[in-house]
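> Return atomic coordinates for the entry below.
(one chain, ligands or ions: 1)
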Amino acid sequence: MAPAYQHRCIVCGQPAQYGIAICGQFICRFCEHEMVATDPSDRRYPFFVRQMRQITTAFR
Ligand SMILES: [Zn+2]
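Numbering: from 1, shown residues only. Okay, here's the model as predicted:
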């Protein structure tokens, strides 16, 4: 039986127990840390921005 607190991260797509929820969407602790630590000049940054945009479009 899957625990109720098990979420699926919208960034990496992996199920995770700990993380943050934004607008009902879940981001695991690892991805949260990655996003915070990623500099806007990093080439991974557009990926995170795109994933975050999924959250806002889901609530339009
Ligand atoms: Zn993640």
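> In three-state terms, label the residue nearest the centre of the chain for me.
For the chain, Ile27 is the residue whose C-alpha lies nearest the centre (CA atoms, centre = their mean; 2.9 Å). State at Ile27, reduced to three classes by DSSP: H, G, I helix; E, B strand; the rest coil: strand.
> roughly how far is the host helix or strand of Phe48 from the heart of the chain?
Using DSSP states H and E, Phe48 sits within helix 45-58. Here helix 45-58 is found 9 Å from its chain centre; the criterion is CA atoms, centre = their mean, to the nearest Å.
> is any part of that helix close to the ion?
No - Helix 45-58 stays clear of the ion (CB under 5 Å from the ion), getting no nearer than 9.0 Å. Any C-beta I mention is one placed from the backbone N, CA and C, and that applies to glycine too.
> what helices or strands is that helix leaning on?
Helix 45-58 makes packing contacts with strand 25-28, helix 29-37 when contacts are defined by 3 or more CB pairs under 8 Å, 6 or more residues apart in numbering; DSSP states H and E.
> got the buried residues for that helix?
Phe48, Gln51, Met52, Ile55 (16 or more other CB atoms under 10 Å).
> if we can go back for a sec, beta partners of the residue nearest to the centre of the chain?
Counting by DSSP bridges, Ile27 forms beta bridges with Ile20.
> for the helices and strands packed on helix 45-58, which one ends up most surrounded?
Across those, the average number of neighbours (mean count of other CB atoms under 10 Å) peaks for strand 25-28, which reaches a mean of 21.
> from the chain's centre, how far out does that strand sit?
Chain-centre distance of strand 25-28: 4 Å, with CA atoms, centre = their mean.
> Can I get that strand as PDB, trimmed to CA atoms?
Extracted C-alpha coordinates of strand 25-28, given in PDB (Å, rounded to 0.1, in the frame of the first residue of the first chain):
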ATOM      1  CA  GLN A  25       2.200  20.200  -7.900                       C
ATOM      2  CA  PHE A  26       5.100  18.500  -6.200                       C
ATOM      3  CA  ILE A  27       8.800  19.000  -6.500                       C
ATOM      4  CA  CYS A  28      11.100  16.600  -4.700                       C
END
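> All set, thanks.
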